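A.B. asks: Just to be clear, the model below is a prediction. Sequence and coordinates:
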Amino acid sequence: MATFTARKKILKEKGVSPDSFEESVAQALFDLEATSAELKGDLRDLYIMSAKEVDVSGGRKAVVIHIPFRLRKGFQKISERLVRELEKKLSGKHVVLVAQRKLSKPPKSGYSLARPRSRSLTAVHESLLNDVCYPTEIVGKRTRFAADGTKTMICYLDKKEKSTLEGKLETFSAVYKALTGKDVWFGFQD
């Protein structure tokens, strides 16, 4: 019976069933809703789309949870408490919440076929970058071009969050690299 109710916390496309890891994350969400009085009301209408593990340096793993775009504001409202509780339940792995976004192909020709800016590759990658390091603000960005032609984006985060995010910077870089294939370095502006 508990498995059936935990399945309400994950919504997959038709015909696709969640794997065991996704079910364990959904079960953790359901347990939080059942046991945590402060999160119960907020978690009632929220669910996830998918979850996966990403390798971080040093043999550690991070959990990336994809949430529906239209529920993004609800998750962001309780993001700090939810991430803290999920990290406890998932044996200390870092948890990152990312909204599920859609990409559209560029139009072949004509103004009538124009796509929204929010569906372009650049806009989606930019939004993913903001999602990965939420609730911290990005205060500066640079693109570094190395002599061998590789590009590395450098993102400076708000210095007020330095004490809480110091250990998560490598996780943010690894998650963004896994989602987009782009190298990014996170730091704090002096």
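C.D. replies: The structure has been received and is ready for your questions. Numbering: from 1, shown residues only.

A.B. asks: all contacts plus neighbour counts: C-alpha atoms, from now on.
C.D. replies: Fine.

A.B. asks: Surely Ser57 touches Phe172?
C.D. replies: No: with contacts counted by CA atoms under 8 Å, Ser57 stays clear of Phe172, the gap being 11.3 Å.

A.B. asks: Show me which of these two is the more surrounded one.
C.D. replies: The neighbour comparison of Ser57 against Phe172 (other CA atoms under 10 Å) goes to Phe172, with 24 against 10.

A.B. asks: is it true that the more buried one lies in a helix?
C.D. replies: Yes: assessed with DSSP: H, G, I helix; E, B strand; the rest coil, Phe172 lies in a helix.

A.B. asks: which residue packs closest to it, ignoring adjacent ones?
C.D. replies: Val132 (6.2 Å; CA to CA, 6 or more residues apart in numbering).

A.B. asks: give me every residue that touches that neighbour.
C.D. replies: Contact analysis of Val132 by CA atoms under 8 Å, 6 or more residues apart in numbering lists Val96, Leu97, Val98, Phe172, Val175, Tyr176.

A.B. asks: wait, which of the residues you listed is closest to Glu33?
C.D. replies: Among these, Leu97 lies closest to Glu33 (CA to CA), at 17.1 Å.

A.B. asks: Spell out the secondary structure type for Leu179.
C.D. replies: Applying three-state DSSP: Leu179 is helix.

A.B. asks: roughly how far apart are it and Ala146?
C.D. replies: 22 Å (CA to CA, to the nearest Å).

A.B. asks: more crowded one of these two?
C.D. replies: Leu179 (15 against 9).

A.B. asks: Report the separation between that one and Ser20.
C.D. replies: 21 Å.

A.B. asks: Over to Gln27?
C.D. replies: Counting by CA to CA, the gap from Gln27 to Ser20 is 10 Å.

A.B. asks: The two: which is more packed in?
C.D. replies: Just comparing Gln27 and Ser20: by other CA under 10 Å the higher neighbour count belongs to Gln27, 22 against 9.

A.B. asks: Helix or strand: which one has the more buried one?
C.D. replies: helix 20-35 (DSSP states H and E).

A.B. asks: Name the next helix or strand downstream of that helix, please.
C.D. replies: That would be, after helix 20-35 and using DSSP H and E, helix 37-43.

A.B. asks: tell me how far the following helix or strand past that following helix is from the chain's mean position?
C.D. replies: Using DSSP H and E, the helix or strand that follows helix 37-43 towards the C-terminus is strand 50-56. Relative to the chain's own centre, strand 50-56 is displaced by 10 Å; criterion: CA atoms, centre = their mean, to the nearest Å.

A.B. asks: cool, stretch 98-116 as well?
C.D. replies: 22 Å.

A.B. asks: From Lys9, how far out is the closest residue to Ala6 other than its chain neighbours?
C.D. replies: Spatial nearest neighbour of Ala6, chain neighbours left out: Gln27 (5.0 Å); criterion: CA to CA, 6+ apart. Gln27 sits 8 Å away from Lys9 when distances are taken as CA to CA.
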